[in-house]
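> I would like to see how this sequence folds:
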Amino acid sequence: MTNGEAAQARLIAALAAPLTNGPVEIVALETAGAAIRRGAIFDRAGRQIGGIENFQLDFVRFAPAAPVETLRRQQRAGDLPISVETAPEWRLIAHDAPEIAYSVPPIGLDTPEIVAVEGTGATIRFEASGEIEIGFHAHPWSGVVEVRHGGETREIDLYQPHTAAPRPERIDLGTERTRVEIALTGRRQEGALGSQCLFAGYRAPTGRQIPLRHVKTPKLRGAAFTAAFHRLLDGVPPEGLLLDLGGGNRQIDDPRYLNLDYANFDEPDLIGDATRLPLRDASVDAVYSTGVFEHIDDPLAAGAEVARVLKPGAKAVIGWAFMQPIHSEGAHFYNATPWGMQRAFAGLRLNRIWHETSFAFLVRWGAAVSDLVGRVPAQELEDVCATLARWDAMIPESHKAYMANGVWGEFEKA
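Purely as a prediction, here's the structure:
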């Protein structure tokens, strides 16, 4: 059994219906190895409350399935689940491949897998045939694009109010080689902060089949795992679960690791809402979260959920923004002081609090989001940050809380 298969089995055993915490019924539609590749999740009343797609459990944006009674009949008849041993292999033609042309130079980003294209009327062009998957990403700064091919035009709104998350778009071009053009319309939703297009390239099938198993592919993009995370994971028993609340696009190859996020990244094991976790009472052995609670619209409810799903004696390690600029525009709500953090986790015993403080970090970040980079001499900014870094080293531990970039807390369930 792979670590991915073991982790999915543990997750399924810990599931409960959000809000009611009642039992769930999972109907497997497709299996691969010892894991469910596709499935539907129902509550006690037979209402569909979730789905499984490509091994990922989703309680937010799941695809509708047939009624549970219909699926049960198919199970009894032996028509479900379907066992799948192989899957088509896909090849990525990345955004910087020579066969992809841009009418304006694309903008490099911190995430090298994607680029941004800006400007009304700007286009991305390439030629392909057969079924392809265009690698768009949705983002608060994104707008509406048109995908044109063979006389057809498809309009796609790439806005989502959180962070850059994959938004693949499949199209069938037929057997003939066809020109595909992606055009920026300049239109955007009212809440969008821009009308750009985030583009990763496109994927096409190679025609080969490859073995299909659920594996955890190690990946770390975004917030790095801290020493506190590794200490917490070391304390989780071999058959236990650590819930990474808001783990985003990161994953580790460990059957104890469970990544939950609200955004539709590829890496999470579970897509769900932190304010109504789809997990049973006292079902996890540890909770870790960093850079997430400032983005939850009801952090007190989320803190209560953490307390509910922890086993007695289990610990939670939480990192929460305090003195940080706005980020994830449209979904950045509540920065926290140490007292705010303690209020959110009032259902747990506080073991200790510590702080990350750096004037240099805040000024460098603040200059970037205030559009000062390029407006002030680069050396001047570097000189200011060098001075502030020297000051950072002189801040007493007892006073770091007053200007902390982030506050950390370790809590324990009685």
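
> which parts of stretch 64-81 are buried?
For stretch 64-81, burial by neighbour count (16 or more other CB atoms under 10 Å) applies to 65, 68, 71, 72, 80, 81. All C-beta atoms are positioned from the backbone trio N, CA, C, and that covers glycine.

> Let me see the contact set for the first one.
Residue 65 sits next to 27, 29, 40, 48, 51, 71 when contact means CB atoms under 8 Å, 6 or more residues apart in numbering.

> residues of the lengthiest helix in the chain that come out buried?
If you go by DSSP state H, the chain has its longest helix at helix 378-392. Under the neighbour-count criterion of 16+ other CB under 10 Å, helix 378-392 has 381, 384, 385, 388, 392 buried.

> The helix or strand of the chain with the lowest mean pLDDT pairs with which strands, parallel or anti?
When the helices and strands of the chain are scored by mean pLDDT, DSSP states H and E, strand 219-220 comes last with a mean of 91. If you go by DSSP bridges, strand 219-220 pairs up with strand 250-251 (antiparallel).

> nearest to residue 370, of the contacts of residue 65?
Nearest to residue 370 among those: residue 51, at 42.2 Å, using CB to CB.

> in the helix or strand where residue 199 lies, what counts as buried?
Residue 199 is part of strand 197-211 when elements are defined by DSSP states H and E. Buried residues in strand 197-211, counting neighbours by 16+ other CB under 10 Å, are found at 197, 198, 199, 200, 201, 202, 203, 204.

> can you redo these as CSV with pLDDT and distance to residue 141?
Output for the buried residues of strand 197-211, formatted as CSV (pLDDT from 0 to 100; distance: CB to CB, whole Å):
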residue, pLDDT, distance to residue 141
197, 98, 10
198, 97, 8
199, 98, 13
200, 98, 16
201, 98, 19
202, 98, 21
203, 98, 24
204, 97, 28
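
> roughly how far apart are the closest residue to residue 95 other than its chain neighbours and residue 306?
Take residue 95 and drop its neighbours on the chain: the residue closest to it by CB to CB, 6 or more residues apart in numbering is residue 201, 4.4 Å away. The spacing between residue 201 and residue 306, counted by CB to CB, to the nearest Å, is 38 Å.

> What of residue 353?
16 Å.

> same check, this time on residue 265
21 Å.

> can you check residue 99 too?
Residue 99 is 48 Å from residue 306, by CB to CB.

> more neighbours, these two?
Using other CB atoms under 10 Å as the criterion, residue 99 and residue 306 rank with residue 306 on top: 25 against 10.

> Wait, a helix at the more buried one?
Yes - checked against DSSP: H, G, I helix; E, B strand; the rest coil, residue 306 lies within a helix.

> Which helix or strand contains residue 233?
helix 227-234.

> and the helix or strand just after that helix, what does it pack onto?
Sequence order places strand 242-245 as the next helix or strand after helix 227-234, per DSSP H and E. Secondary-structure packing of strand 242-245 (3 or more CB pairs under 8 Å, 6 or more residues apart in numbering; DSSP states H and E): strand 257-261, strand 284-290, helix 299-309.
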